[in-house]
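Peer 1: what's the 3D shape of this:
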Amino acid sequence: MDLVNIFIRSAFVDNMIFAFFFGMCSYLAVSKTVKTAFGLGMAVIFVLVVTIPINYLIENYVLKEGALSWVGQEFSSVNLSYLTFIMFIAVIASTVQLVEMIVEKISPALYGALGIFLPLIAVNCAILGGALFMQEKQFTTIGQATVYGLGSGVGWFIAVVLIAAIRERIRYANIPGPLRGVGMAFLITGLMGLAFLGFMGFEI
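Peer 2: Residues are numbered from 1 along each chain as shown. Just a heads-up that it's a prediction; the model follows:
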């Protein structure tokens, strides 16, 4: 599978927000300003790029049936796939903790602006969804899994920054009262999702 195609499909065709509506809680909450959206988007990219390759290695060398055959032939029939969720979540939570410490050290203002939504990346369904989709797609190399993680993160980043830029522009627009805030954000997300359908089937 070509790495460029994996990146394009994961970022645009199988976009976590517009195709699967994963990570909507933080997407809607931090997309009021471009600055906070940019910061959280970069954090999501980092977490996906780090966790998906690690979870790929865990899946293929620890969890799958026969994955432990490298230890010895007596372990070739061991199947630890029932530990998939807890192992994936443990890797994600550890990485998010690292990101939280880095952001707090480098940019205290951004850390304060992101608030509770930074540590909540650990339970962001886009992150766990990326790991589970990686498992479903059965990539043959860790390079493919890494590119998939990068593409998924970039796709989420594009979505949250775009919606933040639009919400900043329409903040003072003459919008009917019931549609202001989250209501308009949902409408814009739906329209952007339709626009991203134009990438369906697009491959290089």
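Peer 1: just read off the phi/psi values of residue 176.
Peer 2: phi -50, psi 140 (degrees, to the nearest 10).
Peer 1: pull out the buried positions in the longest helix belonging to the chain.
Peer 2: Assignment by DSSP state H gives helix 142-169 as the longest helix of the chain. By neighbour count on 16 or more other Cβ atoms under 10 Å, the buried set for helix 142-169 is 144-164, 166-167. All C-beta atoms are positioned from the backbone trio N, CA, C, and that covers glycine.
Peer 1: what stretches of the protein score poorly on pLDDT?
Peer 2: Low-confidence segments of the chain (pLDDT under 70): 1, 201-204.
Peer 1: ok, which stretches of it are helices?
Peer 2: Under DSSP H, the chain gives helices at 3-8, 24-29, 34-58, 84-106, 108-114, 125-137, 142-169, 182-196.
Peer 1: just the buried residues of the fourth one, please?
Peer 2: Spelled out, it's helix 84-106. Neighbour-count burial for helix 84-106 [16+ other Cβ under 10 Å]: 84, 87-89, 91-93, 95-96, 99-100, 103.
Peer 1: JSON lines for those, including distance to residue 19?
Peer 2: What follows is the buried residues of helix 84-106, written out as JSON lines (distance: Cβ to Cβ, whole Å):
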{"residue": "84", "distance to residue 19": "23"}
{"residue": "87", "distance to residue 19": "26"}
{"residue": "88", "distance to residue 19": "21"}
{"residue": "89", "distance to residue 19": "23"}
{"residue": "91", "distance to residue 19": "24"}
{"residue": "92", "distance to residue 19": "21"}
{"residue": "93", "distance to residue 19": "25"}
{"residue": "95", "distance to residue 19": "24"}
{"residue": "96", "distance to residue 19": "23"}
{"residue": "99", "distance to residue 19": "25"}
{"residue": "100", "distance to residue 19": "28"}
{"residue": "103", "distance to residue 19": "28"}
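Peer 1: of all the residues you listed, which two lie farthest apart?
Peer 2: 84 and 103 (28.5 Å; Cβ to Cβ).
Peer 1: measure the residue located most distally from the centre of the chain to residue 66 for me?
Peer 2: The centre of the chain is farthest from one residue, residue 74, which by Cα atoms, centre = their mean lies 37.3 Å away. Distance, residue 74 to residue 66, by Cβ to Cβ, to the nearest Å: 12 Å.
Peer 1: one more: residue 157?
Peer 2: Taken as Cβ to Cβ, the span from residue 157 to residue 66 is 37 Å.
Peer 1: tell me what the longest helix of the chain is packed against?
Peer 2: helix 3-8, helix 24-29, helix 34-58, helix 125-137, helix 182-196 (3 or more Cβ pairs under 8 Å, 6 or more residues apart in numbering; DSSP states H and E).
Peer 1: can you tell me the closest non-neighbouring residue to residue 193?
Peer 2: Sequence neighbours aside, residue 18 is the residue nearest to residue 193 in space, at 3.9 Å (criterion: Cβ to Cβ, 6 or more residues apart in numbering).
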